[in-house]
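Asker: predicted model, plus sequence, below.
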Amino acid sequence: PIPGCHMEQVKYGSQWAPWVRAARTMVELREVTPADLDREFAALGRDRLEEEFTRVAELTAVT
């Protein structure tokens with residue numbers, strides 16, 4: 001539940017469906033250091049940084 005919001009049914013495929021899915025898959029991150037993307041970009045370059053984003057997305061994909 002979200003404080004101040006009441007429960008509603010959301011139809012599959014509606015514009016609100018992604019928000020419901022996101023709310024249901026929310027996780028808590030612990031011991032994570034925020035990244036300075038400008039610094040990472042300077043160190044790795046665009047292609048390598050895009051490869052890293054893809055790799056992380058694959059590792060964290062919900063199946």
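Answerer: That came through fine.
Asker: just the helices in this protein please.
Answerer: Using DSSP state H, the helices of the chain run over residues 17-24, 37-44, 46-59.
Asker: what's the burial count for Leu47?
Answerer: Let me fix one detail, which is that residue 47 is Asp and not Leu. Neighbourhood size, Asp47 [other CB atoms under 10 Å]: 8. Just so you know, the C-beta spots here come from the backbone N, C-alpha and C atoms, and that holds for glycine as well.
Asker: show me what contacts it?
Answerer: Listed by CB atoms under 8 Å, 6 or more residues apart in numbering, Asp47 has no contact partners.
Asker: gap between it and Glu40?
Answerer: As defined by CB to CB, to the nearest Å, Asp47 lies at a distance of 13 Å from Glu40.
Asker: show me where pLDDT drops low in this structure?
Answerer: Within the chain, the stretches with pLDDT under 70 are 1-5, 27, 62-63.
Asker: sorry, back to before: in TSV, list the helices of the chain along with distance to His6.
Answerer: Converted to TSV, these look like this (distance: least, CB to CB, whole Å):
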stretch	distance to His6
helix 17-24	14
helix 37-44	37
helix 46-59	34
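Asker: tell me how far Glu58 lies from Arg39.
Answerer: 24 Å.
Asker: ditto for Glu52
Answerer: Glu52 is 13 Å from Arg39, by CB to CB.
Asker: that concludes my questions; thank you for your assistance.
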